[in-house]
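*Asks:* Need the 3D shape of this:
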Amino acid sequence: LLLEAKNIVLENVTKSGNASELGLISAEEAYQTALSELSIDELTIVEFKVKLEQEDGEMVYEVEIETDLEKFKILINATEGTVFIDLDEDEDNDNDDNFPIEVLTEQELLDLIGTELGLDMTLITDLEIEKEMDNGVAYYEVQFEYNGIEYELEVDAVSGVIYTNSMDEDGFDYESETDDDSEDEEEHTEDETE
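*Replies:* Coordinates of the predicted model:
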């Protein structure tokens with residue numbers, strides 16, 4: 001489910017069929033639950049994202065909501081439709097404590113992304129970089145805008161391998177893409193709620 005939801009392509013691994021989503025609530029249901037739990041008027045929302053994630057062995061929807069005044073982040077259990085208990089600040093601190101010391105610097109990270117995607121990184125805006133740990137793997141979650149298009153990537157903090165790129169529904173194959181393909185990628189956008 002996660003490989004499919006994040007459009008991840010693994011080297012030397014082929015995929016057939018689709019992962020079963022039986023028993024999971026929809027992204028829309030998770031979004032509505034988040035609105036209800038946070039008591040947010042939908043008319044005040046300027047941006048939102050709903051992503052399927054894994055947290056402590058549970059499938060959850062990570063819902064991020066931004067209004068004119070505030071930003072919210074909440075986890076919804078994908079099978080039960082209930083709010084998943086998220087020790088947000090404590091977990092972030094744990095991630096920072098366990099994050100390796102020998103990792104790519106922010107500049108090295110941006111240079112790598114620019115090279116791989118063929119982008120002039122001096123032209124990006126709204127850059128956000130977050131340190132993440134999942135099953136002992138340290139990676140960066142990187143978000144930015146380029147020419148009015150929003151990019152979201154997950155990059156291994158040590159090796160620089162790009163796990164996911166939100167710009168390609170089929171997953172981004174970084175070894176076989178040509179420059180022409182990369183330009184085509186910039187014209188494609190993805191509905192973040194799916």
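*Asks:* Flag the shaky bits of the protein, pLDDT-wise.
*Replies:* Applying pLDDT under 70 to the chain picks out residues 1-2, 4-7, 20-21, 85-97, 167-194.
*Asks:* Run through the strands of it in chain order.
*Replies:* 45-55, 58-67, 71-77, 125-134, 137-146, 149-156, 162-165 (DSSP state E).
*Asks:* same for the longest one, what does it pack against?
*Replies:* With contacts defined as 3 or more C-beta pairs under 8 Å, 6 or more residues apart in numbering; DSSP states H and E, the packing partners of strand 45-55 are helix 2-5, helix 27-38, strand 58-67. C-beta coordinates here come from the backbone N, C-alpha and C atoms, glycine included.
*Asks:* Out of these, which is the most enclosed?
*Replies:* Highest mean neighbour count of the helices and strands packed on strand 45-55: strand 58-67, a mean of 19 (counted as mean count of other C-beta atoms under 10 Å).
*Asks:* counting contacts, what elements does that one pack onto?
*Replies:* helix 27-38, strand 45-55, strand 71-77.
*Asks:* got the ones you listed as TSV, with distance to Asn98 columns?
*Replies:* Formatted as TSV, the helices and strands packed on strand 58-67 follow (distance: least, C-beta to C-beta, whole Å):
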stretch	distance to Asn98
helix 27-38	28
strand 45-55	16
strand 71-77	20
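*Asks:* Which one of these lies nearest to Glu102?
*Replies:* Across the helices and strands packed on strand 58-67, Glu102 has its closest neighbour in strand 45-55 (25.9 Å, C-beta to C-beta).
*Asks:* does Lys131 really touch Val137, like I thought?
*Replies:* No: using C-beta atoms under 8 Å, Lys131 is not in contact with Val137, being 11.7 Å away.
*Asks:* neighbour count winner among the two?
*Replies:* Lys131 (16 against 12; other C-beta atoms under 10 Å).
*Asks:* who's that one bridged to?
*Replies:* Tyr140 (DSSP bridges).
*Asks:* separation between it and Pro100?
*Replies:* 10 Å (C-beta to C-beta, to the nearest Å).
*Asks:* Quick check: neighbours shared by those two?
*Replies:* Shared contacts of Lys131 and Pro100, defined by C-beta atoms under 8 Å, 6 or more residues apart in numbering, are found at 138, 157.
*Asks:* among the helices and strands packed on strand 58-67, which is nearest Ser16?
*Replies:* strand 45-55 (20.3 Å).
*Asks:* Buried residues, that closest one. List them.
*Replies:* 48-53, 55 (16 or more other C-beta atoms under 10 Å).
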